[in-house]
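A.B. asks: Sequence plus the predicted model coming up.
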Amino acid sequence: MTTKTKILRIKITRTTAKCPLCGATAKRHSTATRTLREVGHSRPAALLVTYSKHRCTACRRTFSVDMSHLATKGARFTSRVRGCALDLVIRKGLTLEAASLRMRQRHFVHVPMSTIHDWAAAEMEGECANV
């Protein structure tokens, strides 16, 4: 039996944005769409994020509107999915296989063991740097 994925549409578009490089005001250049896998409650969920891209007239840099509150740059999963998986491995001590299985069974999102491993390694490396 297949479960239909719930699609949540989010728009993060601005007509102007401040350039992260030089601080000048940049006009919207275009829009783009990004799909992020999200924690589901009764079925799989995904965020379909429409965001704006801007081009700075001062430094000629092209950049996207900030989406760091949803996910890291280039990520396919939301920060909430990453947090849940890391909680299972680091704080609750589950194996990568058990964490991947629990994410699929309880949160309706498939996160490969290798992805959880990479997240945990980055998290542990960050903690070691803060000591």
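C.D. replies: Perfect, thanks for sending it. Residues are numbered from 1 along each chain as shown.

A.B. asks: Contacts only, for residue 72.
C.D. replies: residue 79 (C-beta atoms under 8 Å, 6 or more residues apart in numbering). For glycine as for every other residue, the C-beta is placed from the backbone atoms N, C-alpha and C.

A.B. asks: Before we go further, it is sitting in a strand, right?
C.D. replies: No. Assessed with DSSP: H, G, I helix; E, B strand; the rest coil, residue 72 is coil; it does not lie in a strand.

A.B. asks: distance between the ends of stretch 17-36?
C.D. replies: From its first residue to its last, stretch 17-36 covers 23 Å (C-alpha to C-alpha, to the nearest Å).

A.B. asks: Give me the contact list for it.
C.D. replies: Residues outside stretch 17-36 that contact it (C-beta under 8 Å, 6+ apart) are 13-16, 46-59, 61-65, 67, 70-71, 75-78.

A.B. asks: Can you tell me which helices and strands the host helix or strand of residue 126 packs against?
C.D. replies: Residue 126 is part of helix 113-130 when elements are defined by DSSP states H and E. For helix 113-130, the elements it packs on are helix 79-86, helix 96-107, judged by 3 or more C-beta pairs under 8 Å, 6 or more residues apart in numbering; DSSP states H and E.

A.B. asks: the domain parsing of the chain - what is it?
C.D. replies: 1-68, 76-131 (automatic domain parsing).

A.B. asks: Turn the ones you listed into JSON lines, including mean neighbour count and mean pLDDT.
C.D. replies: Listed next are those as JSON lines, based on neighbours: other C-beta atoms under 10 Å; pLDDT from 0 to 100:
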{"stretch": "domain 1-68", "mean neighbour count": "14", "mean pLDDT": "92"}
{"stretch": "domain 76-131", "mean neighbour count": "15", "mean pLDDT": "90"}
